[in-house]
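>>> Need a 3D model of the sequence below.
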Amino acid sequence: MKHTHPISIIEDFLRYFLFAAIPLIGGLISAPINPFAWSTAVWRSVIILALILSWAILSWYKTTFGFTDNAFIIKSGIFFKRLRYIPLNKISTVSLHNTILSSVTGSCRLSVDTLAGNIKNADVTIWINRSKAKNIAKRLSPNNPHAKFYKYQISRLKILIMSATASNAAAGLLFAAPAVNNMGELLGEQFSTRIYGAIDILSQAAAFGLPPAFAFIAWIFVAGWFISFIRTLQYCLRMSTSRFGAIIHVNGGLLLPHTSTIDIRRVSAVDIRQTLTSHILNLYSVYLLSPGYGKQKGSSSVIFPCENLKGINEKLPVILPGFPIIKGDLHPARRTLYKFLLLPVNISAIAILLCVFLSIVFPHLMRIFILLTIVILIPCIWLAILSYIEWKQSNINLSGEYISLSCRKFFELHTLSVKKEHIVLHITQSIFQLRDNTCNITIIIPYEKKLSFSIRHINMADLLTFSTEFSTFSNNL
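Numbering: from 1, shown residues only. Below you'll find the model as predicted:
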């Protein structure tokens, strides 16, 4: 049995550090040289911190891990012993992640997941020496030495495009900038001058006509997008996806490397996603739904961050065989286009009418109301375009061992291939669908957290004609 890396002492200590550090810092500021002048609260904090450190050291010393012929074992506990026994053939995902602190200390975080794990935490998370990490990961995910090896390196240009277009902060900036302008006009220039002082000069230089105080807020959105862009870029650069037998290996990370191994037999579904921007550019991102993969904070379940359709068709069957994506014969009724556009069109109409009314009542604020209406119309137009694509391209194939479907969820387009044994299928019909005899099909994947995807407004007659196995639903609708 081996001890985990000592960085776990720092992690456990910092977890409770702030509870006792504040009185101590206050005492050090008031009497930094003379300990005899410290108050009782400060000395109490010193004792508590010493106890926390002692507990962290003892906890690290009592935590060990090792292997048997067919299991991974972790022993822990100071007063109450805990033994965790994980059979190697039940492991779904093994992940190695680095942080800034672990890069300095020569360690990395090992996470092991099985089907028995929960939504937030891995079955096992320990810190290990980076030099031994690969050997430990290999023992946790043994490969067939006679299996074929396939590897694909992800293009840096495609990763750069994906990082720039997939950031929600970028869209948030586009929507927020006009609103920030309106707030500046309502509160006035004097407000920003009093609050920000010297920042005004810098803001005016790069405000593009916005009042300085709120231009500064708008630039915070730019900084947020830039940080998100850099994080995504760092995570995906140097990413490669390979398969050795039944094990998928995903490696990446420029400054903070990460490695994941996924057992193909535990994969529930493959999810190919597009935003509106990537749809226009004809680019796709491919994700896996497998227990533990992408669960860690700051990680993602992506295997191909950015690929065109040709690349998807060539690489996906090699890396993940057995998950066919077949266009289905069931699709939304052609006459239901207006139902898909109903929500964005109604919101847009209400916003325009409200703008006209308020501009008549308060003519001196007309410019503000117009800009606020534009802020509302931008996401509505975005949603209307996605809803049209959903109406045109949504389909589902229910035949065979796998279910394939294409649909929209929020502001993303999804194409999935799911094992039938891993889904729950719901067929629903609202009172508004009775007249045109349409229904919705919802696929629920009882993944670590339940995921649902819906194909809306399908002809009930087509559904019942397509497969008699759904005829039992007709009596309940």
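
>>> ok, residue 408 - how many residues close by?
Neighbours of residue 408 under the rule other C-beta atoms under 10 Å: 22. In short, each C-beta sits where N, CA and C put it, glycine included.

>>> Report the contact partners of it.
With contacts taken as C-beta atoms under 8 Å, 6 or more residues apart in numbering, residue 408 has the following neighbours: 386, 387, 389, 390, 394, 414.

>>> likewise residue 278?
With contact set as C-beta under 8 Å, 6+ apart, residue 278 has these partners: 162, 165, 166, 284, 285, 306.

>>> re earlier: scan the contacts of residue 408 and report the most crowded one.
For those, the largest neighbour count, defined by other C-beta under 10 Å, is 25 neighbours, found at residue 394.

>>> Was I right to think it contacts residue 332?
Yes - with contacts defined as C-beta atoms under 8 Å, residue 394 counts as touching residue 332 at a distance of 5.4 Å.

>>> Quick check: neighbours shared by those two?
Where contact means C-beta under 8 Å, 6+ apart, the residues bridging residue 394 and residue 332 through contact with each are 455, 456.

>>> just to revisit the earlier point, restricted to helices, list the contacts of residue 278.
162, 165 (DSSP state H).

>>> Let's have the contacts of residue 278 in CSV, adding distance to residue 154 and neighbour count.
As requested, the contacts of residue 278 are exported to CSV (distance: C-beta to C-beta, whole Å; neighbours: other C-beta atoms under 10 Å):
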residue, distance to residue 154, neighbour count
162, 9, 27
165, 15, 18
166, 14, 23
284, 12, 22
285, 11, 23
306, 7, 25
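
>>> Quick check, residue 265 in contact with residue 245.
No - applying C-beta under 8 Å, one finds residue 265 not in contact with residue 245, separated by 10.9 Å.

>>> of those two, who's got more company?
Between residue 265 and residue 245, counted using other C-beta under 10 Å, the more crowded position is residue 245 (15 against 11).

>>> Give me the distance between that one and residue 104.
From residue 245 across to residue 104, the span is 35 Å (C-beta to C-beta, to the nearest Å).

>>> Also residue 113?
27 Å.

>>> One more: residue 440?
Distance of residue 440 to residue 104, computed by C-beta to C-beta: 52 Å.

>>> which one of residue 113 and residue 104 has more residues nearby?
With other C-beta under 10 Å as the criterion, residue 113 and residue 104 differ in neighbour count, and residue 113 comes out ahead with 28 against 9.

>>> Next secondary structure after the helix or strand harbouring that one?
Taking DSSP states H and E as the definition, one finds residue 113 inside strand 107-114. The C-terminal neighbour of strand 107-114 among helices and strands, as given by DSSP H and E, is strand 124-129.

>>> same for the helix or strand just after that following strand, what does it pack against?
From strand 124-129 onward toward the C-terminus, using DSSP H and E, the following helix or strand is helix 130-140. The helices and strands touching helix 130-140, judged by 3 or more C-beta pairs under 8 Å, 6 or more residues apart in numbering; DSSP states H and E, are strand 91-97, strand 107-114, strand 258-263.

>>> try 6 Å
Using 3 or more C-beta pairs under 6 Å, 6 or more residues apart in numbering; DSSP states H and E as the contact criterion, the neighbours of helix 130-140 among helices and strands are strand 91-97, strand 107-114.

>>> what pairs with the first one, and is each one parallel or antiparallel?
Each strand that pairs with strand 91-97, with its direction, by DSSP bridges: strand 107-114 (antiparallel), strand 258-263 (antiparallel).

>>> so which strand or helix has residue 415?
Using DSSP H and E, the element containing residue 415 is strand 412-419.

>>> Correction: the previous question concerned residue 322.
Element membership for residue 322 (DSSP H and E) is empty, with no helix or strand holding it.

>>> gap between residue 108 and residue 4?
Per C-beta to C-beta, residue 108 is found 11 Å from residue 4.

>>> and the two? which has more neighbours close in?
Taking other C-beta under 10 Å, residue 108 and residue 4 do not tie; residue 108 has more neighbours (28 against 21).

>>> and the more buried one, what are its bridge partners?
Residues found in beta-bridge contact with residue 108 (criterion: DSSP bridges) are residue 128.

>>> That one against residue 102, yeah?
Yes - using C-beta atoms under 6 Å, residue 108 is in contact with residue 102, at 5.5 Å.

>>> Now residue 417. Nearest residue, chain neighbours left out?
The shortest distance from residue 417 to any residue other than its chain neighbours is 4.3 Å, reached at residue 323 (C-beta to C-beta, 6 or more residues apart in numbering).

>>> Quickly list what residue 247 is bridged to.
Beta-bridge pairing for residue 247 (DSSP bridges): residue 244, residue 263.

>>> what ranges do the helices span in this protein?
7-30, 40-61, 100-105, 130-140, 156-165, 168-187, 189-196, 199-205, 212-236, 276-280, 309-319, 337-361, 366-393, 460-466.

>>> how near is residue 307 to residue 249?
When C-beta to C-beta is the yardstick, residue 307 and residue 249 sit 18 Å from each other.

>>> my read: residue 137 touches residue 94, true?
Yes - applying C-beta under 6 Å as the test, residue 137 and residue 94 come out as touching, 5.3 Å apart.

>>> And the pLDDT for residue 204?
At residue 204, the predicted lDDT confidence score is 46.

>>> Contacts only, for the most centrally placed residue in the chain.
For the chain, the residue nearest the mean C-alpha position is residue 300 (5.8 Å; C-alpha atoms, centre = their mean). Residues in contact with residue 300 (C-beta atoms under 6 Å, 6 or more residues apart in numbering) are residue 294.

>>> show me what contacts the closest residue to residue 109 other than its chain neighbours?
Ranked by C-beta to C-beta, 6+ apart and with sequence neighbours excluded, the top spatial neighbour of residue 109 is residue 97, at 4.8 Å. Applying C-beta under 6 Å, 6+ apart to residue 97 gives the contacts 109, 258, 296.

>>> Okay, and the beta partners of residue 97?
Taking DSSP bridges, one obtains residue 109, residue 258 as the residues bridged to residue 97.
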